[in-house]
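Undergrad: test case, fold it:
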Amino acid sequence: MSIDLQDRTPAASVRAALSDRLLASDQAAAIELPASHQAAVLVALRERDGTLSTLLTRRHHNLPRHAGEISFPGGRREPGDASLIATALREAYEEIGLPASEVAILGALEPIPTVVSDHAVYPFVGLIPATFAYRANPAEVESVLEVELSELERVHSRSPLRRGPISIRADSYVIGDAVIWGATARMLQDLLARLALSRQPGS
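TA: Down below sits the predicted model:
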């Protein structure tokens, strides 16, 4: 059964509906993956008029890794980060100006290993205020995309993608000129499946 946010009061009921379908944050953080580095991202959701949307960033084209790609706010865990959640919240503040105090962490998605950059990426899902006004850090982020989850479900495909000389078949989402693929697409597919807005992976 899919989540129906219509006719709900925004705060506690939305949190309960979402958190029941996610991994507990500490459970997810305890999952060990074979990778040289740990990273965390924030899957920031907001509810307006019964519609859920999420915030994604287009990484700056001058960055040394994953330049120009679409991703959730996030990055590598630093020694001063008390936890992986702290990493996700710190990065969200640095990249889009989202204060940690404005985020209600609801749970987590399955962590994902990345082959090319050799990271274990831990996605944490948080509810943010409908009134939050993001601001992109120009050193890291070219633009911020806010996309409704129902729109992501509509544009989901599993078709060949060409990355340089390689063609691979993978989950992808095309929003305008933005192509979401790779680890971010896999996280989105996990999220949509958990909210019953998509088929379970492999079904």
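Undergrad: give the closest residue to the spatially most central residue of the chain in space, chain neighbours not counted.
TA: In the chain, the residue lying closest to the centroid (CA atoms, centre = their mean) is residue 43, at 3.5 Å. Leaving out its chain neighbours, the residue that sits closest to residue 43 by CB to CB, 6 or more residues apart in numbering is residue 125, at 4.5 Å. Just so you know, the C-beta spots here come from the backbone N, C-alpha and C atoms, and that holds for glycine as well.
Undergrad: part of a strand, is that neighbour?
TA: Yes - assessed with DSSP: H, G, I helix; E, B strand; the rest coil, residue 125 lies in a strand.
Undergrad: distance-wise, check it relative to residue 118.
TA: As judged by CB to CB, to the nearest Å, residue 125 and residue 118 stand 24 Å apart.
Undergrad: show me what residue 174 bridges to in the sheet.
TA: Using DSSP bridges, the beta-bridge partners of residue 174 come out as residue 179.
Undergrad: looks like it contacts residue 154 (just checking).
TA: No - using CB atoms under 8 Å, residue 174 is not in contact with residue 154; the gap is 10.5 Å.
Undergrad: okay, those two: which has more neighbours?
TA: Between residue 174 and residue 154, counted using other CB atoms under 10 Å, the more crowded position is residue 174 (13 against 10).
Undergrad: roughly how far does the residue nearest to residue 43 sit from residue 105?
TA: With CB to CB as the criterion, residue 125 and residue 105 are 7 Å apart.
Undergrad: just to revisit the earlier point, any idea of the pLDDT on the residue nearest to residue 43?
TA: Note for residue 125: predicted pLDDT of 97.
Undergrad: contact partners for it?
TA: 18, 22, 43, 45, 105, 106, 107, 108, 109, 191 (CB atoms under 8 Å, 6 or more residues apart in numbering).
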